[in-house]
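Participant: could you work out the structure for the sequence below:
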Amino acid sequence: MAGSKGGKHSKSKGKYKSKKSDAINQQPEPLNSRIDSTRVSNGSPDEPKDSKDKNPHPNMNSSMTTGRSNYTENELEQFLLLKLERSYLKAKGWLLASGYGLAEIDRAILNAGHINSSMDLQNNLLTNLLSFIEGKFEPQREAFKDIDVLYKTVLKILVFGTMQARPDMNRSDAMWILLDRNWGSLPPTAMTSHLQSGSHGSSSRSKNENAEKVPFESSIGVLKRVNLKPALVSRLRQNVPILTDALHAQIGAPVIKQQAIPNASGFFTSIEGSSFVAFLRAWLESDSDDDSITPQLVDLVKNIINLYEKVNEQKEWAQKKVIGSAKSVSKHLLELQMLRMETVGTKQLIYEKMCAEKAEALATLKIMQRENCLHCADCEVNHLTEAVRRLETKNAAIRADMEAFKLNASESERDLKVVMKRERKCMKKLAEIEKQKSIFQEQCEAEKQVVLQLEVELLQAEKVVEEAEITWRQEIVEKEQMFALLAEEIKMEETQKANSRSELLKLRQKLEIDSQLAQDDCRRLEDELSSLRLAHRMSDVFLKDDIFLYRSLEGTSSESSAPYEKIGHWNCMICIDTEVDVVFLPCTHQVVCFSCYEGRCKMQGECPYCGAQIEQSIRVYGQSS
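Facilitator: As a prediction, the model looks like this:
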């Protein structure tokens, strides 16, 4: 069990060192320097900080406050755990130097390595460990599973005690004061008597006082000159008062101390110097009646004296032998102690070497882990750089696309503006066309009214023609033909208007062409109307002229020549074949056809009948009256 616990302790200790080696390497020197500076500022550096001597929590000055503020609570806890580990290592080294085994020390640390008295931590720890090793008490609780759990438990006890002594202090201040406090020093290896004044050593001290403080070294004699083990000395110190108490209980009287017993050789020499035999013989003869017993008693006393002389001689011889053996034993013990010291040194060297090897192994493992971490970090950095490059290229492409989209958007906006302008223009044109359409419709209505008026006028003209039907049958026939032509033209115009309306409804895209056609039609109709009006006027003029000529020539001309003149009057005066259909203004002569006008008169610009200058020529359709 001890070996297994010792192995666990060594493993846990290695783990604890590996956990906190970084904290040791980080900031040990600034912490110690700050703690020393705070000690100097508070008073003497070696002054005890126990609660019996003075207040263990003095007011922290500015240097302590500034020093503590540089560390977090976790860092202070790590420093306290390191300080506890050093204290336990010192106690362990002291016990190893005193001759105790490593497994026994580890078992004692896990079972009794706690603090439970008002003395300084180092001596209290040594007292508890020695009491457990010597079997003076049995632990009332289970052993700690790990050295780390022990360190944390002791740290909690120390911090709680410090905070309980001063309630207005927080945990970090308490840990700082524990770091600043001196936890005591180790005694020399040969001095062990003053370590028995702990809480667990109080029972042995009371037993020694009840046994009237038996002088152990003087009672044993030679053993005080023999350099024994501390464990053997402590066991002897424990067993002697127990033996005296047992003697008190069995005898019922106080045990005679060795100092109260007189020297036997002096007693018997005093008996030999005086006439004790004669005195005894006289006393026996005077007191006793039996004379035969007196010489026997005297012989017995003489034999006792002789035997005691022999015993003294044997004691002297035994003392000489004991002194010689003690000297040889002391030499052997010195040699044994030197060998033990050498073994302890070798054990410490081996232990330190093992610790160093473990530390080197842990350091190599940490270095390998860090190298692996660095390699992984390099790989991650490479991946990240590649990802960043890819993202940059993607961002550049996205930016280029965005710029292209912006350019396209600007171009599309420009095109949209152009299209909107065109649409507005088209809408304006459509509005104008609608206006023109409405105007044209109004004009068509007006033309219809004009046509109606013309029809009325034609009816009136028909009435006039009916009145002159007898004389002007040919003219009436011509007028009927002209009216038929006009009716056909009106019908054609109406059909054309209907077709134009249907085309306007069906083909709005060809609105401009239709409007041009409508304008052309309107112009043509206007020309026709003007020609009709002119023809009507000319017919009235010619009618008057014919009537005048008819009246003037009525008596002279024959009935056979009248139709010839009337028929020849409407033929072209140039070609004499076609009917006249061009009216000249301002002379209002209708004497040529359109083809002759285009061929000759248009170039000359003079009327062939009167020679007047032609300002305007109007083409008429149908015969004129």
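Participant: every contact and neighbour count from this point should use C-alpha atoms.
Facilitator: Will do.
Participant: how does the protein divide into domains?
Facilitator: 2-200, 468-619 (automatic domain parsing).
Participant: please name every helix or strand in contact with the strand or helix carrying residue 148.
Facilitator: Element membership for residue 148, per DSSP states H and E: helix 147-165. Here helix 147-165 touches helix 2-26, helix 73-98, helix 171-180, going by 3 or more C-alpha pairs under 8 Å, 6 or more residues apart in numbering; DSSP states H and E.
Participant: gap between residue 487 and residue 124?
Facilitator: Going from residue 487 to residue 124 by C-alpha to C-alpha, to the nearest Å gives 147 Å.
Participant: ok, now which ones touch residue 164?
Facilitator: With contact set as C-alpha atoms under 8 Å, 6 or more residues apart in numbering, residue 164 has no partners.
Participant: on that earlier part again, between residue 487 and residue 124, who's got more neighbours?
Facilitator: Neighbours per residue (other C-alpha atoms under 10 Å) separate residue 487 from residue 124, with residue 124 holding more: 25 against 13.
Participant: any idea which element that one lies in?
Facilitator: Using DSSP H and E, residue 124 sits within helix 121-133.
Participant: could you tell me the least trusted of the domains of the chain?
Facilitator: Among the domains of the chain, domain 2-200 carries the lowest mean pLDDT, at a mean of 63.
Participant: and the helix holding residue 124, what does it pack against?
Facilitator: With contacts taken as 3+ C-alpha pairs under 8 Å, 6+ apart, helix 121-133 sits against helix 73-98, helix 102-112.
Participant: quickly compare these and say which is most buried.
Facilitator: helix 102-112 (a mean of 23; mean count of other C-alpha atoms under 10 Å).
Participant: that helix vs helix 121-133, what angle?
Facilitator: Relative orientation of helix 102-112 versus helix 121-133 (axes from the mean of the first three to the mean of the last three C-alpha atoms, to 10 degrees): 110 degrees.
Participant: show me what helix 102-112 is packed up against.
Facilitator: Taking 3+ C-alpha pairs under 8 Å, 6+ apart as contact, the helices and strands that helix 102-112 lies on are helix 2-26, helix 73-98, helix 121-133.
Participant: any weak-confidence spans in the stretch 351-500 of the chain?
Facilitator: 472, 476 (pLDDT under 70).
Participant: and the strands in it?
Facilitator: Along the stretch 351-500 of the chain, no segments are classed as strands by DSSP state E, counting those that start in this stretch.
Participant: by contact count, what packs against the helix or strand hosting residue 309?
Facilitator: Secondary structure from DSSP H and E places residue 309 in helix 293-467. Judged by 3+ C-alpha pairs under 8 Å, 6+ apart, the packing partners of helix 293-467 are helix 2-26, helix 73-98, helix 276-287, helix 511-552.
Participant: relative to helix 73-98, how tilted is the helix holding residue 124?
Facilitator: Interaxial angle of helix 121-133 relative to helix 73-98 (the same axes, to 10 degrees): 50 degrees.
Participant: from now on call the first residue 2
Facilitator: Yep, numbering from 2; the last one is helix 122-134 now.
Participant: so which bits of helix 122-134 are buried?
Facilitator: By neighbour count on 16 or more other C-alpha atoms under 10 Å, the buried set for helix 122-134 is 122-134.
Participant: and for stretch 142-161?
Facilitator: For stretch 142-161, burial by neighbour count (16+ other C-alpha under 10 Å) applies to 144-145, 147-149, 151-152, 155-156, 159-161.
Participant: of those, which is the nearest to residue 93?
Facilitator: Of all the buried residues of stretch 142-161, residue 93 sits closest to residue 148, with 12.9 Å by C-alpha to C-alpha.
Participant: look up phi and psi at residue 170.
Facilitator: Backbone geometry at residue 170, expressed as degrees, to the nearest 10, gives phi -100, psi 140.
Participant: spit out the contact partners of the nearest residue to it once chain neighbours are set aside.
Facilitator: Once flanking residues are discounted, residue 170 sits nearest to residue 164: 6.0 Å by C-alpha to C-alpha, 6 or more residues apart in numbering. Residues in contact with residue 164 (C-alpha under 8 Å, 6+ apart) are 170-172, 175.
Participant: which among those end up buried?
Facilitator: The neighbour count (16+ other C-alpha under 10 Å) marks residue 175 as buried among the contacts of residue 164.
Participant: just the CA coordinates for the helix holding residue 149, please, in CSV.
Facilitator: Coordinates of each C-alpha in helix 148-166 appear next as CSV, following Å, rounded to 0.1, in the frame of the first residue of the first chain:
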residue,chain,number,x,y,z
ILE,A,148,-1.0,15.5,-4.0
ASP,A,149,-2.8,18.1,-6.1
VAL,A,150,-6.0,17.6,-4.1
LEU,A,151,-3.9,18.0,-0.9
TYR,A,152,-2.4,21.2,-2.1
LYS,A,153,-5.7,22.7,-3.0
THR,A,154,-7.3,21.7,0.3
VAL,A,155,-4.4,23.2,2.3
LEU,A,156,-4.7,26.3,0.2
LYS,A,157,-8.4,26.6,0.9
ILE,A,158,-7.8,26.1,4.6
LEU,A,159,-5.1,28.8,4.7
VAL,A,160,-7.1,31.3,2.7
PHE,A,161,-10.3,30.7,4.7
GLY,A,162,-8.4,31.1,8.0
THR,A,163,-6.9,34.4,6.8
MET,A,164,-10.2,35.7,5.6
GLN,A,165,-11.9,34.5,8.8
ALA,A,166,-9.4,36.5,10.9
